[in-house]
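> Predicted structure and sequence below. I'll ask about it afterward.
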Amino acid sequence: MRDFKRGGYYDNLGPSGGELGEQTTQSISGSIVWRPTENLKVKFHGSIFEDDDGPPAQGSIKNTESPGRVDANGNCIPFSQAPRGTAAPAIGQRANTRASFGSWCGEVPDLASLRSLLSTDTSLGIPATQTAIFSPNPDWLIYGPGFKREIGLRRRASQADLRIDWEFGRGYSLTSLTATHFDKWQIPLDLNYRDSSNLPNPFLNNPMFPTCTSARCPPYRQFIQVSQNRLKDWSQELRLISPTEDRFRWTAGLNYISLFSPGATVYGIAPTGPNFSAAITRQEVATPSVFGGVYFDITDTLTISAETRYQEDQIEQQPLIGTNGLRVTGLAATRLESTFYSFVPRVSLDWNYAPDSSLYALYSRGNRPGGFNAGLVTSIPAVVAQLQAQVPNASIAFEEEELDNYEIGWKATWLDGRARTQATIYYNEWANGQVSTPVPVNVGGTTNLIGLTVNNGLAELRGIEFEGQFRVTESLTLSAIFGYNDSEVKTFGFQPNGRPNCADCDNAYGSFDGAIGNRLPVAPIYTYGLTADYRRPIPGDLELVARGDWTYQGKRYTDVSNTAFIGGFGNLNLSVGVRRENWSLTAFATNATDNDTLLQALPGVDVLGFGLLPLGPAAGGVLANELRFSAPIPRAYGVRFTYDF
């Protein structure tokens with residue numbers, strides 16, 4: 001049983017007040033093991049948990065706060081040279097495009113410079129908002145909206161698995177694995193990522209929008225959306241294994257996975273009133289597969305292995321509610337069906353040249369099945385035109401992605417076991433990578449964010465990873481990690497005319513070209529860490545335990561255009577305490593240096609700008625970039641007591 005609660009670590013600077021970052025998790029789990037005979041073992045494990053979190057510690061940097069425009073080379077062009085929203089032929093940007101209104105370029109500031117932007121709107125008590133969120137069109141719901149009545153996440157999930165192991169014959173074994181899982185979550189969230197209660201709603205009581213009364217529209221430019229999802233799955237696997245002591249060994253098995261989701265939905269309140277932002281598409285997936293492996297000891301120290309899996313991903317999607325919020329009829333209601341076939345091998349050679357030391361080389365392939373963009377089926381032509389203008393290579397179906405991995409590794413022990421090292425060199429080819437992009441559209445005053453998934457060509461990943469540990473004395477152990485993980489985009493999607501299709505690039509600097517040669521976002525090139533662990537007995541049958549962990553990660557690009565990045569940062573955690581057989585008392589400090597580099601930053605569209613599109617650019621109705629960020633967890637210190645019983 002677990003009952004975890006962490007209070008919010010930042011004050012919400014908006015007038016609705018409260019704290020940001022609060023988290024609560026309650027869970028209960030248990031296992032039962034039964035041995036009816038010496039050769040038969042049955043184990044059941046089950047768990048139930050619930051998350052109930054408050055508003056996240058997130059904010060956004062609007063285009064008006066960016067230093068200027070960005071050209072195709074990633075250079076910052078001040079607005080004094082190319083005014084916001086105007087045409088800039090010198091850098092190939094048309095007027096009134098997302099790129100023309102500016103984009104962040106270079107290093108993203110740390111939280112010390114952005115603290116004033118943490119001002120999420122949490123006001124759900126406005127009559128129009130209450131009606132839109134808690135009494136919406138029933139067709140827009142997956143389940144009752146009262147599941148979460150405040151801004152934040154609520155998630156309820158359960159899982160159970162049953163494992164049966166039977167040993168028979170001369171060391172053969174048969175294993176049955178049965179599992180099921182249920183997951184349900186809802187997130188009401190301010191998609192503006194900024195309190196806007198000081199901005200009057202220009203649609204309210206506007207003669208041009210007669211339906212926008214106080215009963216339907218908020219008094220200010222509020223944009224709160226509710227995301228709902230629910231899924232369940234079950235799986236069954238049978239695995240037969242030959243005697244593990246034989247020189248030639250094998251394993252073979254069958255697996256079946258079934259997944260069902262009634263669909264996901266996004267709806268809520270916008271300046272124009274209640275809005276629906278995503279098509280609801282029921283999905284069923286059935287994945288039967290067969291797998292096997294053979295292992296042969298060439299010598300006492302040299303083993304070659306070959307494993308493979310063949311599977312079929314049978315995907316069926318049934319459009320139910322279109323992007324306009326209406327029930328789907330006619331051709332748009334046609335069931336989308338496809339089966340993706342995959343053969344994924346793994347081959348390795350292992351040389352145990354000394355006790356607890358080995359060299360290995362392997363090749364493996366992984367894949368993710370394709371799927372469908374139901375929004376292109378259920379949208380009216382005007383919406384489809386906007387989608388294809390922003391993501392020209394989007395189509396109803398997208399292909400499966402593949403990852404080919406080549407790897408060489410070395411594990412070794414030194415100094416009679418006092419030291420241990422592990423080093424890996426790898427090279428990956430990631431083909432047809434699936435990238436999901438929320439695309440803003442607005443037709444006749446209806447504001448939507450429609451998700452599209454596209455395949456984005458080929459990328460190469462290469463790197464070195466190292467781990468080491470050295471026991472300096474009986475009490476002191478030092479550990480270190482190092483990683484160099486580089487990547488390069490080789491091709492990036494293709495439009496129908498054969499040109500590349502980098503939507504991030506078009507949003508940043510107004511061209512779909514430019515991704516080739518760039519690095520993949522989010523992942524840093526360099527990471528390293530140092531750990532010191534000290535333990536020694538002290539009087540009273542106690543043990544003194546002290547530990548320090550220092551980790552560092554380098555800069556990370558926010559998107560594939562490589563025009564903005566989060567700088568590198570280090571983090572230090574410290575702890576010291578005493579421990580006995582069944583209890584411990586520890587003083588700790590996390591993020592001891594109070595580093596305030598952002599956890600993450602991702603590009604998005606300013607929802608208030610495109611929400612005002614019906615009023616035109618003069619009233620602020622534009623498609624404009626913003627950078628959404630997650631604040632770091634600040635320095636924390638305290639005392640922790642644990643007791644085992």
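Good, I have the coordinates. Residues are numbered from 1 along each chain as shown.
> which residue ranges form the strands in the stretch 251-400 of the chain?
Under the criterion DSSP state E, counting those that start in this stretch, the stretch 251-400 of the chain contains strands at 265-270, 273-276, 280-297, 302-321, 336-354, 357-368, 371-372, 397-398.
> Give me whichever of the ones you listed is most buried.
Counting by mean count of other Cβ atoms under 10 Å, strand 265-270 has the highest mean neighbour count of the strands of the stretch 251-400 of the chain, with a mean of 26. Glycine gets a C-beta too; all of them are placed from N, C-alpha and C.
> Okay, now the unreliable bits of the stretch 51-200 of the chain?
Scanning the stretch 51-200 of the chain for pLDDT under 70 picks out nothing.
> what do you get if the cut-off is 90, keeping everything else the same?
By pLDDT under 90, the low-scoring segments of the stretch 51-200 of the chain are 63-67, 72-74, 90, 92, 105, 169-170.
> just to revisit the earlier point, of all the strands of the stretch 251-400 of the chain, which one is nearest residue 108?
Of all the strands of the stretch 251-400 of the chain, strand 265-270 sits nearest to residue 108, with 26.8 Å by Cβ to Cβ.
> name the helices or strands packed onto that closest one?
Contact partners of strand 265-270 among helices and strands, from 3 or more Cβ pairs under 8 Å, 6 or more residues apart in numbering; DSSP states H and E: helix 127-134, strand 224-241, strand 273-276.
> For stretch 617-634, buried residues please.
Neighbour-count burial for stretch 617-634, counted by 16 or more other Cβ atoms under 10 Å, picks out 620-633.
> now it, how far from the centre of its chain.
Per Cα atoms, centre = their mean, to the nearest Å, the displacement of stretch 617-634 from the mean C-alpha position of its chain is 20 Å.
> Look at that stretch and report the distance between its end residues.
Using Cα to Cα, to the nearest Å, the end-to-end distance of stretch 617-634 comes to 39 Å.
> pLDDT (mean, whole number) over it?
Stretch 617-634 carries an average pLDDT of 91.
> of the strands of the stretch 251-400 of the chain, which approaches residue 103 most closely?
Per Cβ to Cβ, nearest to residue 103 of the strands of the stretch 251-400 of the chain: strand 265-270, 23.6 Å.
> Describe which strands the closest one pairs with in its sheet and in which direction.
With DSSP bridges as the test, strand 265-270 is paired with strand 224-241 (antiparallel), strand 273-276 (antiparallel).
> The first one vs helix 127-134, what angle?
Between the direction of strand 224-241 and that of helix 127-134, the angle (axes from the mean of the first three to the mean of the last three Cα atoms, to 10 degrees) works out to 20 degrees.
> Could I get the average pLDDT for strand 224-241?
Average pLDDT, strand 224-241: 97.
> Could you give the separation of that strand from the chain centroid?
Here strand 224-241 shows a centroid-to-chain-centroid distance of 17 Å under the convention Cα atoms, centre = their mean.
> any chance of the strands paired with strand 265-270 in TSV, plus distance to residue 89?
What follows is those, written out as TSV (distance: least, Cβ to Cβ, whole Å):
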stretch	distance to residue 89
strand 224-241	37
strand 273-276	36
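> So which of the ones you listed is the most surrounded?
Scoring the strands paired with strand 265-270 by mean neighbour count under mean count of other Cβ under 10 Å gives strand 273-276 as the most buried, with a mean of 23.
> Convert that one to CSV, retaining C-alpha atoms only.
Included here for strand 273-276 are C-alpha records, laid out as CSV according to Å, rounded to 0.1, in the frame of the first residue of the first chain:
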residue,chain,number,x,y,z
GLY,A,273,-18.0,29.3,-26.6
PRO,A,274,-18.2,25.5,-26.3
ASN,A,275,-15.8,23.8,-28.7
PHE,A,276,-14.8,20.3,-29.8
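> who's in contact with it?
With contact meaning Cβ atoms under 8 Å, 6 or more residues apart in numbering, strand 273-276 is reached by 128, 131-132, 136-137, 140, 203, 211-212, 216-217, 265-269, 321, 323-325, 446-448.
> Separate out the buried members of these.
Buried by 16+ other Cβ under 10 Å: 128, 132, 136, 140, 203, 212, 216-217, 265-269, 321, 323-325, 446-448, out of the contacts of strand 273-276.
> possible to save the helices and strands packed on strand 265-270 as JSON lines with distance to residue 64?
JSON lines is the format used below for the helices and strands packed on strand 265-270 (distance: least, Cβ to Cβ, whole Å):
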{"stretch": "helix 127-134", "distance to residue 64": "25"}
{"stretch": "strand 224-241", "distance to residue 64": "22"}
{"stretch": "strand 273-276", "distance to residue 64": "24"}
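> Out of these, which is closest to residue 33?
Using Cβ to Cβ, the helices and strands packed on strand 265-270 put strand 224-241 closest to residue 33, at 19.1 Å.
> The host helix or strand of residue 184: partners in the sheet, and parallel or antiparallel?
In the assignment (DSSP states H and E), residue 184 maps to strand 172-190. If you go by DSSP bridges, strand 172-190 pairs up with strand 154-168 (antiparallel), strand 224-241 (antiparallel).
> ok so, going back, do you know which of the strands of the stretch 251-400 of the chain lies nearest residue 120?
Short answer: strand 265-270, nearest of these by Cβ to Cβ, at 14.4 Å.
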